[in-house]
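Engineer: my questions are about this predicted structure, shown below with the sequence.
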Amino acid sequence: MERMKIGKEKFGDFLAALDKQLYAPQKVGETLRFVPITPEDKLDLEFSNTTVPPKSVLFPQTETLYRYELGKTDLNLPDDEAEKVLLGVRPCDARAMAIVDDLFSWDYNDPYYQGKREKTTVVGLACSDPEVNCFCTSVGGGPASTEGLDLLLTDLGEVYLLQPLTEKGNNLCREAAEVLEQATEEDAAAAEKLHQEAAGKIVRKVDTEGVTEKLMELWDHSLWQDLSRACLGCGTCTFLCPTCYCFDIQDEAEGLEGRRCRVWDSCMFAEYTLHASGHNPRPTVRERTRNRVNHKYSYFATKFGKIACVGCGRCINLCPVNIDILNILAEVIKEAI
Amino acid sequence: MNNKPKIGVYVCHCGINISHTVDVEAVAEFASQLPNVRVAREYSYMCSDPGQALIREDIKNEGLNRVVVASCSPRMHELTFRKTLAEAGLNPYYLEMANIREHCSWVHGDREKATAKAKRLVAAAAVKARLLEPLQEKEVDVEPASLIIGAGIAGIQAALDIAEAGFKVYLVEKTPSVGGRMSQLDKTFPTLDCSACILTPKMVDVASHPNIELLTYSQVEDVSGYVGNFDVKVRKKARYVDMDKCTGCGVCAQECRLTGRIPSEFDEGMGKRAAIYLPFPQAVPAKYTIDPERCLMLTRGKCGKSPKCVDACGTGAINFEQEDEIVEFKVGSIIVATGFDVFDASRKPEYGYNDYENVITGLELERLVSASGPTGGDILIGKGDDAYVPKDIAFIKCVGSRDKSVGNEYCSRVCCMYTAKLAHLLTEKIPDANVRVYYMDVRAFGKGFEEFYDRVRREGVRYIRGNPSEVFKRGDKLVVKAENTLTSTPVEDEVDLVVLAVGLEPRRDAREIIDILRLSQSGDRFYMEAHPKLAPVDTATDGVFLAGCAQGPKDIPDTVAQAKGAASSALVLLSSGKVKVQAQVSHINEDTCRGCGYCVEICPYSAIELVTVNQFGHEALVARVNDALCKGCGACVAGCFSGSAQQKSFMDGQILPQIAALGVMR
Amino acid sequence: MVDLEKLRTVAKETISRDDVKYLIGWRQGTYGFRVTPCFIEEPGEAEQLIFSPLCTNNLASYLIVTEKLPLPRGEKPDTRKVAVMVKGCDSRAVVQQLIEQGIKREELYIIGCPCEGVLDLKKVEAKFPHILDPVAAQWGKDKIIFQLPEGVVEVPREEVLAQKCLDCRDPNPVIADITLGEEIEAWGNGEYQDVKELEAKSAEERWAFWEDKFSSCIRCYSCRNVCPMCYCKDCILDRLNPSWIYRSTNISENTAFHLSRAFHLAGRCIECGECERVCPVDIPLMKLNQKFSKEVEEKYGYRPGIDPEAKPLQSSYRPDDKEDFIL
Amino acid sequence: MSEQQFEPSVIAFLCNWCSYAGADLAGTSRIQYPTNLDIIRVMCSGRVNPLFIVNALQQGADGVLVSGCHPGDCHYMEGNFYARRRFTLMNELLNYVGVDAKRFNMSWVSASEGAKWKDVVEEVVENAKEAGPFEQFRRNKINW
Amino acid sequence: MKEIANPYKPEIATIEDTWQETYGDRAIKTFKVVLDDEEIRENWSHRPGQCAMIGILGVGESMISISCSPTEGKFLRFSVMRAGKVTQALHELEPGDKMTVRGPYGNSFPVDDWKGKNILTIGGGIGQAPLRPIIEYVKANRADYKGLSLIYGARTSADLCFKDEFKALDERDDVNYHLSIDIEEEGWEHYVGFVPSLLMEVDPSPENTIAITCGPPVMINFVLQNLKELNFTDEQIYTTLENRMKCGIGKCGRCNVAHLYVCKDGPVFSYATLKSIPEAFA
Ligand SMILES: Cc1cc2nc3c(=O)[nH]c(=O)nc-3n(C[C@H](O)[C@H](O)[C@H](O)COP(=O)(O)OP(=O)(O)OC[C@H]3O[C@@H](n4cnc5c(N)ncnc54)[C@H](O)[C@@H]3O)c2cc1C
Ligand SMILES: Cc1cc2nc3c(=O)[nH]c(=O)nc-3n(C[C@H](O)[C@H](O)[C@H](O)COP(=O)(O)OP(=O)(O)OC[C@H]3O[C@@H](n4cnc5c(N)ncnc54)[C@H](O)[C@@H]3O)c2cc1C
Ligand code: SF4
Ligand code: SF4
Ligand code: SF4
Ligand code: SF4
Ligand code: SF4
Ligand code: SF4
């Protein structure tokens, strides 16, 4: 389908025309994350990126696998997912979804993730104001990358340009055809220009060529100890990474009902790999940091052919002790030569 | 070993006491549905023999391994049912009770609601029962000996009682002689017995009793272990006089270069002694001691050409090479009878104690009136030719007692009466004396006290109600400035002697014993008893008892009474030969303990200590509980952030499910 | 102000000592205003060290969180000293750790750095976004002087200083083996303005405030991990048996977590503000911590981490402690 | 809860020696009080972990009570002093985050105060009633 | 949710029998369980070496090796060592109780490729559990394989699992076994010492032999060394790895050794695969 556009003031009408659960970035506490909204809610998409990535919708931090009555054995699976629209997803985070899709669908399908993923239309917003630690362009993305998106919006000032990318995207435009207008060539050109400008603003870079092999070469290198030593083993870098999907499964009771649920977990936690015997194959922050970086840039790449990092920069922005994945990669590249 | 919990629930009707408000059948039926419940029954009297038999049979036949009894308060029958379990071969701590009588049927009228509550209580008991662990009740042997610290009248009395009962006593006295404060007194109120006359025989008894090992001039250095099994280390200080050789003749003291130059402690500094000395004539043991802080030989290494004492001593008892000796022994119980110090009157500078020689304390006056005192019993103030007999004499009471400004809020209990006694003795010794007593209140509470007080007043001693604000010198006289609060008139009383009725304070070195025995102090800084009413001779440390003024001010009869109490408490332990230790004690998971020591600080019984352990090659501090000391309060558990301290039968893992059961059951 | 030359000389001397294992200090981070903790083992590395308003990290945390690998049989642990650079607040952490026996005094060499306040990076980065090249900063009179790529910029200190520093009462280390620089006069007033504002609101308003904050928590436990006072080997928040708090994130578990964390720090939190700084979702944790600071100060005259001889607040009591809420 | 009067659930932690015995005395004296309060017995109020309160609120309590011996009367001498400090702090915290102050109560009830125990129960239950059903962070109120 | 098969949804199974293999803090208990759903029970098939996620509703799940061979019947066996919360709760279960089971998971021993070879198992402690199905499988298809040798050791004789089954082997002449304990015990007729030394004592020939080892990490490391010394090639050596697992289906992330997921690509690995992979023996 062709490119469309809509006046910002009419964006609410666009949303109203969609008979779906809407999710958009809103402030919860002090930070932005994707939460359910109604078409009437005020939308403010003028931000660099959300603190909590949209994975929280497709792969919620806590997700019930099934419920049961305590003491009984009948399992109640959750209801089917409703149709959802994720609004204002940044291209890097959308690419992360495309990456995570591989994981959740290899060999076994993950019904919970897939159930949501399939019912979700991802509406992206081209990034106009990358932050200092954004490096999407180094890992195969860009401020207007479309991978993982169904529809891309570009903010042209007065209007949003809508660029449908998939059938789901087309459907949205169809459903809301009434309120949309055809976009012009000039609009498209203006968007293209904005996209390029944004890409030009990205300052941090890394050369990922051969990094997969280099990482394995440097398995025992002292850089791991040196660069991880300050790590606190907090889960920040992983919990908020859009491509991190580790989880734990736990049973919890609420009143007389019990449920088995999965919750986000992090490979940076010491007890993540701790065996019941007390043995821990990754006993210190050194092994854990190495695993995090290797997983993204080597293991995942070996297994799925893609680097599992989209360059959103969250882990760098939010690490309280300035453990900087780009810095680590730079060291790796330097040492491997 | 995990065994699958199989719970039996027994709901008691208690005649109709429970069943008239609680639908016991419904409760039992409900209980039978609870997880892990194998049988649930109701019965008219669970505590009766047939009721208990029911439980025992089910344990045998149904293979029950946990029991819930829903009946009266566990405070009533927990022990009964524990025994029932034990009789059936089950660990008695696999019992949990639900109190559906005192806490339910007796306090509620609404049958429906009461039944619902009973169900909740049973459910909570059942989830806890599920998680109970078997506990062992341990018994430890008691070493048949006692340590008594302090040989004042309290320590002496307790020692004699215990020794008489046939047990070994180690009586440790810090000073060279037994006797304590009482030996300093002249006569004792209210009967005016001569102190020495009633005390000396006991002192001698103590020294000669075959069961008593007297360790004078000695100090307890360390006590470890726990009730029944204390290991004691005592330092016998060097006297520099061979106890076996010394005959107590005293020529050494006469010859000593420092004779008459050193203030005598016994005479409160008013008399003088030599560097080698006997504290007082009736001292026991009657052996001389060299004061290492004064003796020229010991302080400077030289005493003239040769030490005169050595030259004088016919038996060659003096030995400057003598060294402190450490004695170690084991005891089953300990009595602390370290007594008191008198209030230091210079802390009330307004009374001029430091400034005027004719301002003295009650204890000094005791020495003055004593026939064995520095003046041979004459009331003489001042030295040599200037000495005079005072005529106008004022007592000021409550000096250092009932006085927030010096930190002593308590009443010293003896000053009122010793003032009356001393006033009486003064009027006896100085017939024309004019004695008045400034007081806030007169507390004549003991047997014969009021009568004695009355007698003294009738003898002409004037009691003036008012707390003097100042004592100062005007010409030859001292002026006591006060306000007579009964007449609201200011008074400026000119006198020759002011006697300060100083109060009693904890020994200045009380801390030593606190640290050694891990005792606590009450607000008044005296050693704290386990319970002010019901355990006034016990302490928080099992097997350690208090006697006499160490626990708080008291007179001789009370001191002796408490000493006898402490002795009999100690004897209970010694004669039974065994002590049971708590089973529901605290336990620390050393893998998770972070060694912060919170529990150590918290434990009122000093049952926990930090120990260094090796964790994979690294040293780590962890807490460890001594089961024999822990009383099972659980205060440490709630104070442990890491959840490492857990009290058996009251573990977090057992209480949280109880909370859930009660919360969820609505 | 601490002279860099002196700092590095002292550091070199320290690390050259036979009885010192390594030194924990700060160095310039990988970009912009960032600073990172560093572990100096060779005298040569001391050149990296800095001390500036950017040095927010409380390095005392590393004294206790450092993971110890099992030692091979027979090998003795290295018990040489760890040298650590501390600001005023950080030094209180050291004192409190000493009180709680988390560390041994003889295994420490404390380099005190009197501090005129560190920056709130969130404020600074909002003011000067998009800066990649390393920026240095230093203290001026009532202002902070930045060496930005485009030149030197001065900013009034209130605009960029961390909130905890604006109220700081302990700019000088309370414990140190050596102190760099002159003592600084304290400016904080201990009025707990923030807490009082919230207290003045109604219960409903207070809950609305916290509900919003707590519900945004992602339970990453950064706040716990960074805290110099959180050093249980096995935190009850992670424990499954018994399970105090479930791992799922919702207002129930999140609130329980926050109340537990705050409670466990009552009378122990030394107000370094690290927990709040590291929180990726900006939960105002100091408002909870300060509430306790205020209460323990008002009720018990207690300030943690000041007196190494003091007994911990929660393992002591006074018979006349206030009890006005008790029935 | 529409028509029916709200019946709050109150969980109480009582020390064995004073308050539990006081509650026993209320029983032996047949003093009547509401059924809403359920007792968990511990040996000493010093055993009660303040986090139990948080947990009780999570698990379904509308109100909580901790009761021990009067200061100075603790069977274990000091336990209630620690409890007092801990709960003073926990009480402050709960209030501060906006939990109705009426939900958390603490009392000193001695073994001879059966009548006081009744008053305490009535007051605590009344408090919980006034505060209403606890929903702020109750576990089974969570929905997803 | 019904459309896609839900690999997280367990089956309910009933415990038919239990044995206490060993006692003490880290007791081992064996469960024989039968799936409740008849259709699933009939269609269930696992291969030697696979695992299943077993659990208790309200408590949690644990990954446990299936310790029986499919040739033994339509039931499953699990030998569980008591360690954490879930295994502790499992130990409380008795015949008649329910548990949840999902799986089977992971790869398996390539029993087809091994036909015509000598099979040697080297186990330590609870490590015998994953080896038992291969032993049973070979016993059931005895003609397909040549020699069958078992080496097994534990700390003390009381810590040995499947004792009765070893005894029963005395009856057969087509299986030989060697037991060891670490410390001398009265009445013990077998070897005293560690499993790797017993291996050297037994001195098996690498000729046409597959060696499969499982046990604690230290033991495995020494066994590997010794097998090399005995001239076993990397391809002849197999081991099973145990890492923490939560999902069992290659999603939750924690069981990885480098790019391999132990739950999917393992737990059975040939040493040829593992030796190039860092962290495999961490
Ligand atoms: C001026 C005055 C007049 C009094 N008049 C009367 C009276 O008339 N009638 C009356 O009933 N009461 C009177 N009393 C009170 C009476 O003195 C006490 O009740 C009595 O002395 C208490 O005896 P005690 O054994 O507890 O303590 P103490 O007599 O103090 O004996 C304690 C003993 O322990 C020793 N000791 C202390 N610390 C240690 C240690 N660490 N190790 C070893 N030994 C140690 C001391 O040296 C001392 O020998 C009077 C008190 C005063 C001050
Ligand atoms: C109004 C008041 C308030 C008080 N308040 C306090 C206080 O707050 N704190 C405090 O510490 N003390 C207080 N006391 C003092 C306290 O009551 C006594 O110290 C205590 O009760 C004494 O206990 P007892 O066992 O010696 O005597 P009692 O309590 O009198 O017990 C003696 C028992 O012996 C029985 N008996 C008597 N003669 C015989 C006989 N011939 N044969 C068999 N049995 C017999 C009696 O019936 C009685 O049961 C108070 C006293 C009063 C009057
Ligand atoms: S690793 Fe860091 S930069 Fe890469 S996607 Fe994750 S959070 Fe973003
Ligand atoms: S790298 Fe940083 S964010 Fe990640 S765990 Fe370590 S300290 Fe936390
Ligand atoms: S309070 Fe807890 S963590 Fe601290 S020493 Fe005691 S048991 Fe260990
Ligand atoms: S339970 Fe009480 S007595 Fe026992 S160790 Fe803990 S604090 Fe001490
Ligand atoms: S750091 Fe923030 S988000 Fe993470 S657990 Fe703490 S409060 Fe929650
Ligand atoms: S709670 Fe926060 S402010 Fe307090 S000591 Fe810990 S990290 Fe610092």
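Structural biologist: Structure received. Numbers count the residues shown, from 1 in each chain, chains lettered A, B, ... in the order given. Ligands and ions are numbered 1, 2, ... in the order given.
Engineer: would you point out which residue is most central in chain D?
Structural biologist: residue D:65 (0.8 Å; CA atoms, centre = their mean).
Engineer: tell me the SS of it?
Structural biologist: Following DSSP: H, G, I helix; E, B strand; the rest coil, we place residue D:65 in the strand state.
Engineer: find the residue closest to it in space, skipping its chain neighbours.
Structural biologist: Spatial nearest neighbour of residue D:65, excluding adjacent residues (CB to CB, 6 or more residues apart in numbering or on different chains): residue D:12 at 4.0 Å. For the C-beta atoms, the positions are set from N, CA and C on the backbone; glycine is no exception.
Engineer: what about the helices in the stretch 101-250 of chain E?
Structural biologist: Here the stretch 101-250 of chain E has its helices, by DSSP state H, counting those that start in this stretch, at E:132-140, E:163-169, E:195-202, E:217-229.
Engineer: and the residue nearest to residue D:65, what does it touch?
Structural biologist: Residue D:12 is in contact with D:37, D:38, D:39, D:40, D:64, D:65, D:66, D:67, D:124, counting by CB atoms under 8 Å, 6 or more residues apart in numbering or on different chains.
Engineer: which residues does residue A:212 contact?
Structural biologist: Neighbouring residues of residue A:212 by CB under 8 Å, 6+ apart: A:297, A:298, A:301, A:302, A:307.
Engineer: please list only the buried members of those.
Structural biologist: Using 16 or more other CB atoms under 10 Å in any protein chain shown as the burial test, these include A:297, A:298, A:301, A:307 as buried.
Engineer: and the pLDDT for the third one?
Structural biologist: The model reports residue A:301 with a pLDDT of 93.
Engineer: same check, this time on the first one
Structural biologist: The model reports residue A:297 with a pLDDT of 95.
Engineer: please name the nearest non-neighbouring residue to it.
Structural biologist: residue A:211 (5.2 Å).
Engineer: count of neighbours near that neighbour?
Structural biologist: Look at residue A:211: counted by other CB atoms under 10 Å in any protein chain shown, it has 21 neighbours.
Engineer: neighbours of residue 231, how many?
Structural biologist: Since no chain was named, I'll use chain A. Neighbours of residue A:231 (other CB under 10 Å): 22.
Engineer: you answered for a different chain; I wanted chain E.
Structural biologist: Residue E:231: 10 surrounding residues under other CB under 10 Å.
Engineer: show the contacting residues for it.
Structural biologist: Shown in contact with residue E:231 (CB under 8 Å, 6+ apart): residue E:206.
Engineer: so the residue nearest to residue A:297 touches residue A:332, yeah?
Structural biologist: Yes: using CB atoms under 8 Å, residue A:211 makes contact with residue A:332 at a distance of 6.7 Å.
Engineer: flag every buried residue along stretch B:75-91.
Structural biologist: By 16+ other CB under 10 Å, the buried positions in stretch B:75-91 come out as B:75, B:76, B:77, B:78, B:80, B:81, B:82, B:84, B:85, B:88, B:90, B:91.
Engineer: between those residues, which is nearest chain D?
Structural biologist: Proximity of the buried residues of stretch B:75-91 to chain D was ranked by CB to the nearest CB; the top entry is residue B:75 with 5.9 Å.
Engineer: thinking the closest one is in contact with residue D:23, fair?
Structural biologist: No: the pair residue B:75 / residue D:23 is not scored as a contact, 10.0 Å apart, by CB under 8 Å.
Engineer: stretch B:160-170 spans what distance, first to last residue?
Structural biologist: End-to-end span of stretch B:160-170 (CA to CA, to the nearest Å): 11 Å.
Engineer: which parts of it are buried?
Structural biologist: By neighbour count with 16+ other CB under 10 Å, stretch B:160-170 contains the buried residues B:160, B:161, B:162, B:163, B:165, B:167, B:168, B:169, B:170.
Engineer: is it in proximity to ligand 1?
Structural biologist: No: if you take CB under 6 Å from any ligand atom as the test, stretch B:160-170 misses ligand 1, and the best it gets is 11.1 Å.
Engineer: thinking again about what came up before, chain D: which of the contacts of residue A:212 is nearest?
Structural biologist: Comparing the contacts of residue A:212 against chain D with CB to the nearest CB places residue A:307 closest, at 32.6 Å.
Engineer: so who does the closest one touch?
Structural biologist: Residue A:307 makes contacts with A:139, A:140, A:208, A:211, A:212, A:296, A:297, A:300, A:301, as judged by CB under 8 Å, 6+ apart.
Engineer: which helix or strand contains the spatially most central residue of chain A?
Structural biologist: Nearest residue to the geometric centre of chain A (CA atoms, centre = their mean): residue A:242, 2.9 Å. Using DSSP states H and E, residue A:242 is not contained in any helix or strand.
Engineer: same question for the one 10 residues further on.
Structural biologist: Element membership of residue A:252, judged by DSSP H and E, is strand A:247-254.
Engineer: show me what that strand is packed against.
Structural biologist: Packing partners of strand A:247-254 (3 or more CB pairs under 8 Å, 6 or more residues apart in numbering or on different chains; DSSP states H and E): strand A:257-264, strand E:60-65.
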